[in-house]
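Engineer: A predicted structure for the sequence below; I have some questions about it.
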Amino acid sequence: MRRRVLVTRPEPGASATAARLLQLGFVPVVLPLTEIVPVEPATVPEGIDIVVATSANAFRHAPKVLMDRLRDLPLHVVGVKTAAAAGRAVGFVAPDAKTLAHGLSDRLGARSHVLHLTGRVRRPDLKRIFEKAGHFVTEIELYDTRPVELPLGEIGTKMGPEPLWAALVYSQRGGEILSGVVAEAHSSFESTIFVCISAAAATGLRGRKTALAATPDEPAMLARLVERDQRAATSG
């Protein structure tokens, strides 16, 4: 049986994920449900002490003039991909926003001013943790995550007639959108395993068969896929 895996993340990541799935012996079905678009950032205030970023998209869409202004400030990020996209030296690299905020809060001077490079769709965890520790947080939005409008007929064509063995879910917003797709094209998802990057990503898929990655990153999601595949092969 062909293990067809739905890739729902936006480009350019979707194509890179498809290539990794092929290497692992799966059949990727690429259907980005969201797209990332740049937005005009607000003016950066004076007195920033450190810069934090939680997605590589912040650096993909940040204006050069903004990056030049922040270049001499300490930078800390979530994930090695974000660190690579930064294009300069990075201090603390954390696996998720909560770990980043907790890890930095005690290292900062009292009432430090943190600049968060982020998107319009974001969770409040990082800001809440810093502010609880007595720091100030300014959020600069650099990109937006928007749903891709796909007619039902086009969705069916892109997914093909065969059932989907698994679907990769990268965010809470992506999971919510995917839930709507599942409701419209339910025959393709009757036995699908939804492999989610986090518990938040799984919230929109209640009632479905979900599996959470051990850590909030793609390698852990793909490891969960391989584990499920091997388990099915053994039991079958």
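Structural biologist: Good, I have the coordinates.
Engineer: going by C-alpha atoms from here, please, whenever you check contacts or count neighbours.
Structural biologist: Fine.
Engineer: measure the residue most central in space within the chain to residue 47 for me?
Structural biologist: Geometric centre of the chain, nearest residue: residue 170, 4.8 Å, by CA atoms, centre = their mean. Distance, residue 170 to residue 47, using CA to CA, to the nearest Å: 34 Å.
Engineer: what's near enough to touch the closest residue to residue 79 other than its chain neighbours?
Structural biologist: In space, and not counting its chain neighbours, residue 79 is closest to residue 95: 5.3 Å by CA to CA, 6 or more residues apart in numbering. By CA atoms under 8 Å, 6 or more residues apart in numbering, the contact list for residue 95 reads 78, 79, 215, 216, 217.
Engineer: from memory the first one sits against residue 93, does it?
Structural biologist: Think residue 78. Yes. Between residue 78 and residue 93 there is a contact at 5.5 Å, judged by CA atoms under 8 Å.
Engineer: so what's in contact with these two at the same time?
Structural biologist: residue 100.
Engineer: for the longest helix anywhere in the chain, packing partners?
Structural biologist: In the chain, taking DSSP state H as the definition, the longest helix is helix 218-235. If contacts are counted by 3 or more CA pairs under 8 Å, 6 or more residues apart in numbering; DSSP states H and E, helix 218-235 sits against strand 193-196, strand 210-212.
Engineer: contacts for that helix next, please.
Structural biologist: 21, 24, 166, 168, 195, 196, 197, 211, 212, 213, 214.
Engineer: at 7 Å what do you get?
Structural biologist: 195, 196, 197, 213, 214 (CA atoms under 7 Å, 6 or more residues apart in numbering).
Engineer: the second one: what's it in contact with?
Structural biologist: Think residue 196. Counted by CA under 7 Å, 6+ apart, residue 196 has contacts 168, 169, 170, 202, 210, 211, 212, 213, 221.
Engineer: thinking again about what came up before, and the pLDDT at the residue nearest to residue 79?
Structural biologist: Looking at residue 95, its pLDDT stands at 88.
Engineer: what's the following helix or strand after the lowest-mean-pLDDT helix or strand in the chain?
Structural biologist: One helix or strand of the chain scores below all others by mean pLDDT, DSSP states H and E: helix 152-159, with a mean of 71. Sequence order places strand 166-169 as the next helix or strand after helix 152-159, per DSSP states H and E.
Engineer: now for that next one, which elements pack on it?
Structural biologist: Helices and strands touching strand 166-169, by 3 or more CA pairs under 7 Å, 6 or more residues apart in numbering; DSSP states H and E, are strand 4-7, strand 193-196.
Engineer: quick check: angle from the helix or strand just after the first one to helix 218-235?
Structural biologist: Tracing the chain past strand 4-7, the next element assigned as helix or strand by DSSP H and E is helix 13-23. Here helix 13-23 runs at 30 degrees with respect to helix 218-235, directions being taken by axes from the mean of the first three to the mean of the last three CA atoms, to 10 degrees.
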